[in-house]
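Participant: Please find the sequence and the predicted model below.
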Protein chains: 2
Amino acid sequence: MKELVYARMLLPQIERTPDKVGFVDGDRRFTYAEHLDRVQRLTGALRGLGIGPQDRFAVFSLNSQAYMELWHAAFLGAGVINPLNLRLAAKELTYILQDSGTKVVFTDFLFGGLIDQIRDEAGIEHVILIGPGDIRHEAEYEDLLAAATPVMPDEPEETDPAVLMYTGGTTGLPKGVLLEHRAEMLNLYHVAMRWGLDEHMVNLNQVPMFHAAAMGGVLGVPAVGGLSTYVPLFDPAKVLDAVATHHVNFTVMVPTMIGLTLNHPDFAPEKLASLETLTYGASPMPTALLTRLLDLYPDLKVYQGYGMTEASAILTVLGPEEHRKGGDLLKSAGRAAPGVMLSIQDPDGNILPKGTIGEVCARAGNFMREYWNKPEATAEAFRGGWYHSGDAGYLDDEGYLFLVDRVKDMIVTGGENVYSVEVENAIATHPAVAQVAVIGIPHEVWGEAVHAIVVLHDGAEATEDDIIEHARLAIAGYKLPKSVEFRAEPLPLSGAMKVLKKDLRAPYWEEHGRGIG
Amino acid sequence: MKELVYARMLLPQIERTPDKVGFVDGDRRFTYAEHLDRVQRLTGALRGLGIGPQDRFAVFSLNSQAYMELWHAAFLGAGVINPLNLRLAAKELTYILQDSGTKVVFTDFLFGGLIDQIRDEAGIEHVILIGPGDIRHEAEYEDLLAAATPVMPDEPEETDPAVLMYTGGTTGLPKGVLLEHRAEMLNLYHVAMRWGLDEHMVNLNQVPMFHAAAMGGVLGVPAVGGLSTYVPLFDPAKVLDAVATHHVNFTVMVPTMIGLTLNHPDFAPEKLASLETLTYGASPMPTALLTRLLDLYPDLKVYQGYGMTEASAILTVLGPEEHRKGGDLLKSAGRAAPGVMLSIQDPDGNILPKGTIGEVCARAGNFMREYWNKPEATAEAFRGGWYHSGDAGYLDDEGYLFLVDRVKDMIVTGGENVYSVEVENAIATHPAVAQVAVIGIPHEVWGEAVHAIVVLHDGAEATEDDIIEHARLAIAGYKLPKSVEFRAEPLPLSGAMKVLKKDLRAPYWEEHGRGIG
């Protein structure tokens, strides 16, 4: 069937308002008709480069109108987009391009250097340069479009692949998540049922456009005739400027971005006054920051979304009214979006009662078809007919999801489960502590022992006993660290600003079987 | 696939808030858990009556919690619901029950008499009586539920049938519209993308629950944890009471209902002050009434939906901001809902340019599978891959749809097309005119002649010439009525409160070939 495809939403919209400016990128403005012409030229160019509807093309680039065109080309059926995380290193990039069989890469002056460095090893045949730059390239994006014949892609089947998006790779090699048109459309529908979408929306694409969290804006806003604007690379000053300039009323941010923006010297509350809807997600939101945001903007509709690339983004939503209720709800990831079923399961696949911590599992139409070329990993992720998120959490009596940890970060000591986040929270409130990570290390009697790695504030002092006694104020004895290790250098972070616990664990487990999972 | 099925929305919601009161019907209140138990008992009872997932059961009843349970049972996979229009006469009812092979009918004290009268001829095997009554019946609804074993239906495939809903039958015999789960879910998603839905919604089910226009409330509100309330049979005083009692903030009405409510002696503006969202549709909205509504409630979010049973209800939406813009937009049916493609076609299937009147056609995932047992009518309706609505209209430059007439109500006189609605509007503004209908009648020279049938206000007077001269102020000469007929009694109305033009036309065409189409 061809009903759950983006063409059914975007093309009628373009027909309705061909002359409306729908996209503003710096000084360049594009009407909907111009946008469609560019997407069709891009499709023609892709066909000229040998890309058919099922072939991959990669994007390793800043946010821009070109990136939007590449997304829309893929969603209209031009090919399968492979949007690359801008934090990837040469080795990971090479692996991804080889694993996915991607021969065509769109990149720009800022990221093209890395592509240039790996292009031979990765087997890249065509580098298309967006904007200026001096790396080796086969074509410049604007020249390619100017020379191309517009082609309207055949409408895809809704179960055809649209996106091959590699996950962060905090656990071993990145995996390619294959998402069908249908899944992306259903994700949009599920979320939009909570948001509501209409043509007065002005979206600022500031979350990196390679990220699943960008999809609501990339797909939803143009489909209802709204205006799309861009910040090329997140920068709080540019966000403040862009919101004021374009009267932005809708945007998606990760908590770190919100914090950096509100704490920026240029920030003044009125600069974000045009915002009507702000959605955040992708990492935990500090309660103090959230409270500050809600106090600053009493009429702002604040949404939290929790999900993962495998779900085309969204499983749960915490809505504006729930944010305004405050209290413990501010620590929740919200409730399942309409169309999503959640369960909390034990390691044997039993569904656990409300209030009990286990692995967050879900079923929904917005899930991936598979991990690319990894049938075993796919079967493992969907065992028992449920997607297994790897996140530990519980559902309260009203179905609110509270996340406590990654399952693989859970420590099993003397048969008891200890969630590292809980111990970290108990230690982090000690005034001398700047950073803390809690991991399990091998122990002959208990199997694993709770071990804390602490970075103190400059000039601050604390002993192992100080830390353990402070934690005792908040958590039960069996959860207390058996050992505390002090480090001078900051803890290693992933591209998503999460502490890389696998790196912390590795030296302790080299001679043991736990691995670095 | 089983993803686009109602179970995926309703069951997680019930699990989230089992103890929340979700349904209030008079003095009776039901939590979500109680609702599910009743729906499961109903499923068990249906199985006991020989109804399998693909078998039909009919409902011929007032709005009530029982009706809601019957809908939800069907949508969870208990069987195919055949909701019967309460205006149907014995002959039509008999035809529908026979045509659909329906053996089980749920009815009540007010409508059971008609069922009783036709049950033998129609082949009804089981009459289930909702509430009290003295007709012949095999079981009472509450007894049936009390005695039944709860059964959770197997989750249906999304392309399984969910609803067999017969269309009004203003043109010959009623046709059964077979709607799949998938179509109903997509209709809900398309509409909800404009509305936004959340748990604070309190819906008053006042539009008859046999009608496709009721589906947004019947499916959407329980799926997000809102509250459903009922008016058994539309009555303006009861609507005013119910809105105030339950703090209703969401409802769907047809224009006639809005007019009767605002003109009722009990009406006072504060009685509807809790309404946040009002959706209307199903027949043309008088501009004066709409303007009055908008002026009375400046903050009310007013939506118009245009569609038909064949589309599970909705093709186009006119949103709150468009209503507030006013002007000509108030005469529009709005723009295509996200996911719906519209076109205006000539009789040969050519797509007409913007501004040109032709037949309104559409493609969308919310369309029926087929007309039940009518492959030729199905093929005719979907000829060229587009559903043909039978409505005449045009799209303006911005994609707003303006309806002008039913295609079959168009009059062809001397080779010119005259839209009856346009002539009616020109006559209706004459101060003496209470009601007017314009039809084509046979004419030896012109083929058809424009003929107006007029009912004057009590005590008012006007001649044929007065009417024609008044109309001349607004429309071209060839559109003017050639004859005006005055009647004392009100014009005949259909169940949907539309003037039955086929009945008006019939006597003129008895000896001619136009038929009553």
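Facilitator: Nice, thanks for sending it over. Numbering: from 1, shown residues only, chains lettered A, B, ... in the order given.

Participant: Tell me which stretches of the stretch 251-400 of chain A form helices.
Facilitator: For the stretch 251-400 of chain A, applying DSSP state H, counting those that start in this stretch gives helices covering A:255-262, A:287-296, A:320-325, A:375-381.

Participant: Which pLDDT value belongs to the closest residue to chain B within the stretch 151-300 of chain A?
Facilitator: Residue of the stretch 151-300 of chain A nearest chain B, by CB to the nearest CB: residue A:196 (2.8 Å). For every residue, glycine as well, the C-beta is placed using N, CA and C. Reported pLDDT at residue A:196 in the predicted model: 78.

Participant: got a markdown table for the helices of the stretch 251-400 of chain A, with mean neighbour count and distance to chain B too?
Facilitator: As requested, those are exported to a markdown table (neighbours: other CB atoms under 10 Å in any protein chain shown; distance: least, CB to the nearest CB, whole Å):
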| stretch | mean neighbour count | distance to chain B |
| --- | --- | --- |
| helix A:255-262 | 19 | 23 |
| helix A:287-296 | 14 | 18 |
| helix A:320-325 | 16 | 6 |
| helix A:375-381 | 13 | 17 |
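
Participant: Residue A:312 is nearest to which of these?
Facilitator: Residue A:312 sits nearest to helix A:375-381 of all the helices of the stretch 251-400 of chain A, at 14.4 Å, using CB to CB.

Participant: Need the helices of the stretch 251-400 of chain A in JSON lines (columns: distance to residue A:489).
Facilitator: Putting the helices of the stretch 251-400 of chain A into JSON lines (distance: least, CB to CB, whole Å) gives the following:
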{"stretch": "helix A:255-262", "distance to residue A:489": "20"}
{"stretch": "helix A:287-296", "distance to residue A:489": "26"}
{"stretch": "helix A:320-325", "distance to residue A:489": "37"}
{"stretch": "helix A:375-381", "distance to residue A:489": "34"}
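
Participant: Minimum distance to residue B:106: which of the ones you listed has it?
Facilitator: Of these, nearest to residue B:106 by CB to CB is helix A:320-325, at 36.7 Å.

Participant: tell me what the closest one is packed against?
Facilitator: Applying 3 or more CB pairs under 8 Å, 6 or more residues apart in numbering or on different chains; DSSP states H and E, one finds that helix A:320-325 contacts helix A:287-296, strand A:301-308.

Participant: one more time with 6 Å
Facilitator: Contacts defined by 3 or more CB pairs under 6 Å, 6 or more residues apart in numbering or on different chains; DSSP states H and E place helix A:320-325 against strand A:301-308.

Participant: State whether residue A:179 and residue A:163 are indeed in contact, as I suppose.
Facilitator: Yes. Between residue A:179 and residue A:163 there is a contact under CB atoms under 6 Å: 4.2 Å.

Participant: what helix or strand does the closest residue in space to residue A:123 that isn't next to it in sequence sit in?
Facilitator: Leaving out its chain neighbours, the residue that sits closest to residue A:123 by CB to CB, 6 or more residues apart in numbering or on different chains is residue A:98, at 6.3 Å. Assigned by DSSP states H and E, residue A:98 belongs to helix A:90-100.

Participant: Now do the next helix or strand after that helix against helix A:90-100, angle only.
Facilitator: Downstream of helix A:90-100, the first helix or strand assigned by DSSP H and E is strand A:104-108. Angle, strand A:104-108 to helix A:90-100, by axes from the mean of the first three to the mean of the last three CA atoms, to 10 degrees: 150 degrees.

Participant: now what about strand A:104-108, what contacts it?
Facilitator: Around strand A:104-108, the neighbours that count as contacts under CB atoms under 6 Å, 6 or more residues apart in numbering or on different chains are A:49, A:57-62, A:115, A:124, A:126-128, A:130-131.

Participant: Among those residues, list the two that are farthest apart in space.
Facilitator: Maximum distance among the contacts of strand A:104-108 (CB to CB): 21.6 Å, for A:49 and A:62.
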